[in-house]
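Participant: predicted structure and sequence below. I'll ask about it afterward.
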Protein chains: 4
Amino acid sequence: MQRARAIFLVAAPDRPGLVARLAGFFYRLELNILDASNHSDLYAEGGTPRFFMRLDVDLERLACTRAALEESFGELARTLEATWSVRYTDVIQRIAILVTTEAACLYDLILRQRAGELPCEIALVIGNRPALESVAAGFRIPFVVLPVTPETKRAQERQLLELIGRHHVDLIVLARYMQILTQDFLAEAPPAINIHHGFLPAFQGARPYQQAHERGVKMIGATAHYVTADLDQGPIIEQDVARVTHEMGPDELARVGRDVERVVLARAVRAHLERRLLVEGRRTIVL
Amino acid sequence: MQRARAIFLVAAPDRPGLVARLAGFFYRLELNILDASNHSDLYAEGGTPRFFMRLDVDLERLACTRAALEESFGELARTLEATWSVRYTDVIQRIAILVTTEAACLYDLILRQRAGELPCEIALVIGNRPALESVAAGFRIPFVVLPVTPETKRAQERQLLELIGRHHVDLIVLARYMQILTQDFLAEAPPAINIHHGFLPAFQGARPYQQAHERGVKMIGATAHYVTADLDQGPIIEQDVARVTHEMGPDELARVGRDVERVVLARAVRAHLERRLLVEGRRTIVL
Amino acid sequence: MQRARAIFLVAAPDRPGLVARLAGFFYRLELNILDASNHSDLYAEGGTPRFFMRLDVDLERLACTRAALEESFGELARTLEATWSVRYTDVIQRIAILVTTEAACLYDLILRQRAGELPCEIALVIGNRPALESVAAGFRIPFVVLPVTPETKRAQERQLLELIGRHHVDLIVLARYMQILTQDFLAEAPPAINIHHGFLPAFQGARPYQQAHERGVKMIGATAHYVTADLDQGPIIEQDVARVTHEMGPDELARVGRDVERVVLARAVRAHLERRLLVEGRRTIVL
Amino acid sequence: MQRARAIFLVAAPDRPGLVARLAGFFYRLELNILDASNHSDLYAEGGTPRFFMRLDVDLERLACTRAALEESFGELARTLEATWSVRYTDVIQRIAILVTTEAACLYDLILRQRAGELPCEIALVIGNRPALESVAAGFRIPFVVLPVTPETKRAQERQLLELIGRHHVDLIVLARYMQILTQDFLAEAPPAINIHHGFLPAFQGARPYQQAHERGVKMIGATAHYVTADLDQGPIIEQDVARVTHEMGPDELARVGRDVERVVLARAVRAHLERRLLVEGRRTIVL
């Protein structure tokens, strides 16, 4: 079994000595830093540079409880005016996948999780339609149908929150889920990652492949982003593209696009699970 | 010396037998077709499929004048309701490059032309500022300054048309030319290709790298398109992208972007000069 | 239901009039050519240029039997010294997938076939180990185990040929099949496509990711090729790459590589099924 | 004017506390670390993990001489068994570019240096043929011809060393220089970066585009690497590729390849000048 590690993410106003003070904290505790990276962002909102750091710490020699570790790290963070979080690698994260009818991203996430590429458990799959029940069933993953109409949206979102809470879900993944989540829902839910089948900010909204075909673009793309109340406006996590030609109609673009979508979504989910992502305003820092 | 070839471009309503009739025309004249490609577009404007064909024909055995060849091809085209054009490879095409202050695309076009990658002559370089005069002079290419203000725009565009006519220019290339050409100018001028330093349709208008940075995209791109009266809306010829990270500020994005811009522009100019491009509504067909 | 089409592939010594004579053949039969592309290869083995053409023909107005069509096309081909083949789109092609223990490519092919991306049926999956039986079973595809040892190789290959014959297999796909097929087998079997997990001709042979790591490359790739008796030397059909960094060990390279492998293999299989591939010496022509 | 910074590169046997001790060194001197990154390589030669770190340090508050700074850092390094180097950003690095007849990479390096993309001066250009003298002259860069024959090779390499010494050259760039440098030369010269016009380790040696065409690859590439006495075997710094088709002959591959070569070479030179490169056995670490 692999040794437990703690991954700390820190964001603070930039100032001299931050790397030394954060690294020194673990050094004094005789904890080895396996990997560290940091970034000073000169373009942070508000105009003052901000500092971001990811520390991957070996807990083998930890001589106190994790609660005590967090308490003393919290004290340091307060003096640095830092926000921070910690994740322990021996606490398995749990994700919920939301789907409608398209199977490619769902299959892809399940197969990668089974292959050990995504450090998580898939707690459940939730569809607003029943189309993909058999996919989930084939891998013995619970599947719940929550149909949504304008009238039932509020009630179904409460139901969704209840399910997510009961299954201890840490991350929601929208794998071509064709419903918009409300601000109320997002305020109470764990973070959510969406895959948009367009190269944002181009082709926002519905039917991006149809739009791309009409505009005659020579490359199409996909964008994974954190979900916010502003549709298709959340911080971008990952993007990629594929070359297309005039010979391809909208269906062909969709086929090529599916290959891009699933790779982009998987990379984004993986980066989140490995705690490589920090949000600064509308942008993400990938450490 | 290479043997002269004729490149025919044909667009017509799709119907059975078009390939056979077009190829048969040259067969009966005992002219060898060195290369042929065609495309039937099911998504043409108006709803009826359109047929596009490019024929690269060896003229070695041409037994009549070129005028006679064109006349008899014109007769066939009329029966097919086709529009068409022909270019002879021994008639060197002449281009004018319009610039403002950025040198990268200008250098790139000149060096490729010198290396034999672009089958054309660079007739002259025209700047709305004098900044790049020494670049043109270094390669002994005529350079003309035509400063543009709102008051002088109309007069300067007339001047531009006069220059283009006098130098027998077949193609205008906007190599980061920071002026908008009016519909009046475009109606009288030869075709014009522009390089937009953004991945259209995202980031239209000015300062795309600033926009890209604020939106936090993970890839940036460039787009070469034919110039139309609708700014940044002309038919897209070629696009490409490069990966960027959160560490890059707008200047760094511009640096990476320049490498994409110049490759994309060169590919588009080359495709036009080789007569590989046909315009269908807002899209280009690349044969 | 879609109308039946015939796809003709032709290879012949290059000479004037080939396009016209081939297109004219179908014109006289009043059959519409939906799509045609051709290529004259100046670098063909033996020194004389060779001509390749793909014709996608609508059979709606076919007034004779397919046998009669083939007979008269055969006559034309003889006068042109051409080799040729034809496939009818209403005759579903059948493939056999050979596997060992890696599931990614197998899943990928099955899911694409189910999504309608590959115009074929998966007749059966054959493993030299039983590891992937449940994958095939989950999609109700027959699975056969044929373990191979040096002593049983010859017998098992006869068994393989018998299975392939009984299931009317048109194409064999090696989806990370960890056995070498003998020349005797290949001489009797239908065409076979293999995915090599390296960017050929670099990293031939076993353990390419280990080799790539030791050499410190910055990109890794995958190559799909037709199988010949010379290991990893068959004509290349498709390749692609992904960027890697010094941070990645061999396992991480393998993870990134799997994403490239499956996309490259799927593109190659699709191109073969759509009859876009012609072999010229050690190279493929993709029409 | 930008404030002077010092960039330290450190390599040491991995052990707990390295980040803290290195960062703490500068913290105690009240020097701000603007950027830091590190990597622990588990695959280092010899089997014991090695630690690599790059520290970009603001010298504004430096209260001692640079010699004193280096002396105390050297003491720390000794206790850590570390090798290290430092570069000051206000000491402009000087490069020599070696060429033969191909102009594309030479132009590219000069234009990037002029555009401020490469933090260096181009001290001189040296050709074993005079072909590119006018290119250097056009930018007022000294050009020296040193023709090489088997008989004169040793004498000319001594001449080369002398020139490099006299011009205070820190880095040699082989921009399509068609001569092999001897081990004797390399032992005395500053580091040298070469661009190989193939996707190493495929297509080593001469005429890679001819080889690539014969093998029928679907992508071609270029590789920038440090020069060692083993031809084409030095540590790879950067690679990239471009897609090609069966339609392209060796000349066309060379044209596409030139675009890849110059971008790859420029990235490698830039990474070296910014002190982002560390060599570990046959691999490079890019920090």
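Facilitator: On my side now, so go ahead.
Participant: only C-alpha atoms from now on, for both contacts and neighbour counts.
Facilitator: Noted.
Participant: which strands or helices does the helix or strand of chain A with the lowest mean pLDDT pack on?
Facilitator: Lowest on mean pLDDT, DSSP states H and E among the helices and strands of chain A sits helix A:208-215, with a mean of 85. Here helix A:208-215 touches helix A:250-273, going by 3 or more CA pairs under 8 Å, 6 or more residues apart in numbering or on different chains; DSSP states H and E.
Participant: any idea of the mean pLDDT for the next helix or strand after the helix it packs on?
Facilitator: Next helix or strand after helix A:250-273 toward the C-terminus (DSSP states H and E): strand A:277-280. In this model, strand A:277-280 carries a mean pLDDT of 93.
Participant: coming back round to it: quickly check: the next helix or strand after the least confident helix or strand of chain A near chain B or not.
Facilitator: Next in sequence after helix A:208-215, counting helices and strands by DSSP H and E, comes strand A:219-226. Yes: against chain B, strand A:219-226 shows contacts by CA under 8 Å from any CA of the partner chain at A:Met219.
Participant: the least confident helix or strand of chain A versus strand A:219-226: what angle between them?
Facilitator: Interaxial angle of helix A:208-215 relative to strand A:219-226 (axes from the mean of the first three to the mean of the last three CA atoms, to 10 degrees): 150 degrees.
Participant: check which helix or strand A:Asp108 maps to.
Facilitator: A:Asp108 is located in helix A:104-114, with elements delineated by DSSP H and E.
Participant: and the angle for the least confident helix or strand of chain A with helix A:250-273?
Facilitator: With the same axes, to 10 degrees defining the directions, helix A:208-215 sits at 130 degrees from helix A:250-273.
Participant: check the offset of helix A:208-215 from the chain's centre.
Facilitator: Distance of helix A:208-215 from the chain centroid (CA atoms, centre = their mean, to the nearest Å) equals 27 Å.
Participant: again, but for stretch A:65-85
Facilitator: Distance, centroid of stretch A:65-85 to centroid of chain: 24 Å (CA atoms, centre = their mean).
Participant: now it: buried residues?
Facilitator: A:73-74, A:77, A:80, A:82, A:84 (16 or more other CA atoms under 10 Å in any protein chain shown).
Participant: as CSV, those residues with distance to chain C would be great.
Facilitator: Shown next, in CSV, are the buried residues of stretch A:65-85 (distance: CA to the nearest CA, whole Å):
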residue, distance to chain C
A:Phe73, 28
A:Gly74, 30
A:Ala77, 29
A:Leu80, 30
A:Ala82, 28
A:Trp84, 25
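Participant: pipe the residues you listed into CSV and attach pLDDT, secondary structure and distance to chain B per row.
Facilitator: CSV is the format used below for the buried residues of stretch A:65-85 (pLDDT from 0 to 100; DSSP: H, G, I helix; E, B strand; the rest coil; distance: CA to the nearest CA, whole Å):
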residue, pLDDT, secondary structure, distance to chain B
A:Phe73, 98, helix, 27
A:Gly74, 97, helix, 27
A:Ala77, 97, helix, 24
A:Leu80, 97, coil, 22
A:Ala82, 97, coil, 20
A:Trp84, 97, strand, 19
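Participant: quick one on the thing from earlier: sheet-wise, list the partners of the next helix or strand after the helix holding A:Asp108 with their directions.
Facilitator: Going down the chain from helix A:104-114, the next helix or strand is strand A:120-127, by DSSP H and E. Under the criterion DSSP bridges, strand A:120-127 sits next to strand A:93-99 (parallel), strand A:143-145 (parallel) in its sheet.
Participant: how about the residues of chain A near chain C?
Facilitator: Neighbours of chain C within chain A, by CA under 8 Å from any CA: A:104, A:111, A:117, A:138, A:255, A:259, A:263.
Participant: point out the most buried one among the strands paired with strand A:120-127.
Facilitator: Most buried of these, by mean neighbour count (mean count of other CA atoms under 10 Å in any protein chain shown): strand A:93-99, with a mean of 23.
Participant: before we move on, back to that, would you mind giving the strands paired with strand A:120-127 as JSON lines with mean pLDDT and distance to B:Leu160 added?
Facilitator: Listed next are the strands paired with strand A:120-127 as JSON lines, based on pLDDT from 0 to 100; distance: least, CA to CA, whole Å:
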{"stretch": "strand A:93-99", "mean pLDDT": "98", "distance to B:Leu160": "57"}
{"stretch": "strand A:143-145", "mean pLDDT": "97", "distance to B:Leu160": "66"}
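Participant: those: which one's closest to D:Arg267?
Facilitator: Closest of those to D:Arg267 is strand A:93-99, at 38.6 Å (criterion: CA to CA).
Participant: got a list of contacts for the closest one?
Facilitator: A:106, A:119-129, A:132, A:164, A:168-178, A:273 (CA atoms under 8 Å, 6 or more residues apart in numbering or on different chains).
Participant: again, 7 Å this time
Facilitator: A:120-128, A:168-177 (CA atoms under 7 Å, 6 or more residues apart in numbering or on different chains).
Participant: got a ChimeraX select line for the buried ones in the residues you listed?
Facilitator: Command for ChimeraX that selects the buried part of the contacts of strand A:93-99, burial taken from 16+ other CA under 10 Å:
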select /A:120,121,122,123,124,125,126,127,128,169,170,171,172,173,174,175,176,177
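Participant: count the residues that sit near the closest residue to A:Leu253 other than its chain neighbours.
Facilitator: In space, and not counting its chain neighbours, A:Leu253 is closest to A:Tyr209: 6.2 Å by CA to CA, 6 or more residues apart in numbering or on different chains. Using other CA atoms under 10 Å in any protein chain shown, A:Tyr209 has 22 neighbouring residues.
Participant: pretty sure A:Tyr209 contacts A:Ala254?
Facilitator: Yes: contact criterion CA atoms under 7 Å: A:Tyr209 and A:Ala254 qualify, at 6.1 Å.
Participant: let me know the secondary structure of A:Ser40.
Facilitator: Secondary structure, DSSP: H, G, I helix; E, B strand; the rest coil: A:Ser40 is strand.
Participant: the residue nearest to A:Pro49 when sequence neighbours are not counted and B:Gly249, how far apart?
Facilitator: Setting aside the residues directly before and after it, A:Pro49 is nearest to A:Leu42 in space (CA to CA, 6+ apart), at 4.6 Å. Counting by CA to CA, to the nearest Å, the gap from A:Leu42 to B:Gly249 is 8 Å.
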